[in-house]
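Novice: Predicted model, plus sequence, below.
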Amino acid sequence: MEKFKERKVGTIIQYFASDQIAQVKLIEILRTNDLIHIVGLHTNFKQLVEFMYIGRKAVKEAKAGEVIWLGVNKRVHKGNEVFLILEETKVSEESLSQGGEGEIPPKPTPTELTPRIEEEEKEEKPVPINEDEKPDFPEDWDNFGKNKKKKNITKGRGTSG
């Protein structure tokens, strides 16, 4: 079981799935390579802040009150909250029964986190097909379905005589 000490740094204003970026209104300072936790009704994941923009300018740090564009690894929704993870605490079952908090491991560096995040979110991407390897389609493939006559379907009981 893992617990996080975290502090709210902002709220998602909008999200563009095609670019995988979210607009965030900050209430605290945020920097690149910070570990964040995005939480909402249908959202709950951690990620590293790889890049962020203010307007069209890439920045390494953004202050409270600024609106930034943040690259996200998964789908987020308007109103989701963004938290800065201050430290992770590993909690064992024994320490929970004894009322202790467990030991706090040293905070991992961003380079140690990156491979772990990438392993969790591996997606299979389609392999591009070379022109020589394309399957053989019928010669009239481009005209498939264009020459078919459409049936004239009338609604109702038909004609009366």
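Specialist: Good, I have the coordinates.

Novice: now what about the lengthiest strand in the chain, what contacts it?
Specialist: Taking DSSP state E as the criterion, the chain has its longest strand at strand 2-16. Contacts to strand 2-16, defined as Cβ atoms under 8 Å, 6 or more residues apart in numbering, come from residues 21-30, 36-38, 40, 67-68, 72, 75-91, 101. Every residue, glycine included, has its C-beta placed from N, CA and C.

Novice: redo that, cut-off 7 Å
Specialist: Identification of contacts with strand 2-16 by Cβ atoms under 7 Å, 6 or more residues apart in numbering yields 22-28, 30, 37, 67, 76-91.

Novice: list the buried ones in that strand?
Specialist: In terms of neighbour count (16 or more other Cβ atoms under 10 Å), strand 2-16 has its buried residues at E6, V9, G10, T11, I12, Y15.

Novice: Pull that strand out as PDB, backbone CA atoms only.
Specialist: Written as PDB, here are the backbone C-alpha positions of strand 2-16 (Å, rounded to 0.1, in the frame of the first residue of the first chain):
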ATOM      1  CA  GLU A   2       1.300   3.400  -0.900                       C
ATOM      2  CA  LYS A   3       0.500   6.800   0.700                       C
ATOM      3  CA  PHE A   4       1.400  10.100  -0.800                       C
ATOM      4  CA  LYS A   5       2.100  13.400   0.900                       C
ATOM      5  CA  GLU A   6       0.800  15.800  -1.700                       C
ATOM      6  CA  ARG A   7      -0.300  19.400  -2.200                       C
ATOM      7  CA  LYS A   8      -2.900  20.700  -4.600                       C
ATOM      8  CA  VAL A   9      -1.300  22.900  -7.300                       C
ATOM      9  CA  GLY A  10      -4.100  23.400  -9.800                       C
ATOM     10  CA  THR A  11      -7.300  22.400 -11.600                       C
ATOM     11  CA  ILE A  12      -7.800  21.200 -15.200                       C
ATOM     12  CA  ILE A  13      -9.700  23.800 -17.300                       C
ATOM     13  CA  GLN A  14      -9.900  21.900 -20.600                       C
ATOM     14  CA  TYR A  15      -8.300  18.900 -22.400                       C
ATOM     15  CA  PHE A  16      -7.500  18.200 -26.000                       C
END
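
Novice: That's all I had, so thanks and see you.
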